[in-house]
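S.K.: Here is my input, please return the structure:
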Amino acid sequence: MVTLTDIDIIQLLRKNHINQDTLQENVVAKLRETGRRVATAESCTGGLISERITRVSGSSEVFDCGVCSYANSIKTKLLGVSEETLTVLGAVSAETAMQMAEGVKKLSGADIAVSTTGIAGPTGGTAEKPVGLVYLGVCSKEKTYAIKLMLGGINNLNSRAYIRKLASDAALFTVLSECHTS
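M.R.: Model (predicted):
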């Protein structure tokens, strides 16, 4: 599984000449160009990815559905995340992220689904699962996978807003990348 830090995400965006503030516009344009639709399942980002997509005029052409599944019961009931996965591995795990993405793809019929689950802080972290740990799940027609994000920042900057923004940047960049590869 790929692991990205906050610095990695910022460098990926710069390398690809993508402005963090207009990333969602690039995503909507690429989805429209490729005739694809996207859906989101969000926990730690609390709907931020959906908000950023729907901030763009005309996004209804490419955005199917956004589920804010903060509670484990919603992850299970609505998205089909296994209770065993939640019990054994926890809500903050690659498996949960992948199952969330698969669930929202099935629910919506979208071409690409993306999910986030993690610890946005500033509290709630442990030695095993520190603040800034986020798993991004991706499900397309071809594959399902997870990306591990370590977003605590330089000197463990545990800002909730910073972590949520970078997690949403990573999710949107991944959707953009899926449009180029699928």
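
S.K.: any idea how far residue 148 lies from residue 95?
M.R.: From residue 148 across to residue 95, the span is 12 Å (Cβ to Cβ, to the nearest Å). C-betas here are computed from N, CA, C, even on glycine.

S.K.: where do the contact lists of these two overlap?
M.R.: When contacts are counted by Cβ atoms under 8 Å, 6 or more residues apart in numbering, the set common to residue 148 and residue 95 is empty.

S.K.: Would you state the helices of this structure in chain order?
M.R.: Under the criterion DSSP state H, the chain contains helices at 6-15, 23-34, 48-54, 72-77, 83-88, 94-108, 160-181.

S.K.: out of those helices, which comes closest to residue 120?
M.R.: Among those, the nearest to residue 120 by Cβ to Cβ is helix 160-181 (4.8 Å).

S.K.: Report the rounded mean pLDDT for that closest one.
M.R.: For helix 160-181, the mean per-residue pLDDT is 94.

S.K.: how much does that helix deviate in direction from helix 6-15?
M.R.: Between the axis of helix 160-181 and that of helix 6-15 there is an angle of 50 degrees, by axes from the mean of the first three to the mean of the last three Cα atoms, to 10 degrees.

S.K.: Just the buried residues of helix 160-181, please?
M.R.: 160, 162-176, 178-179 (16 or more other Cβ atoms under 10 Å).
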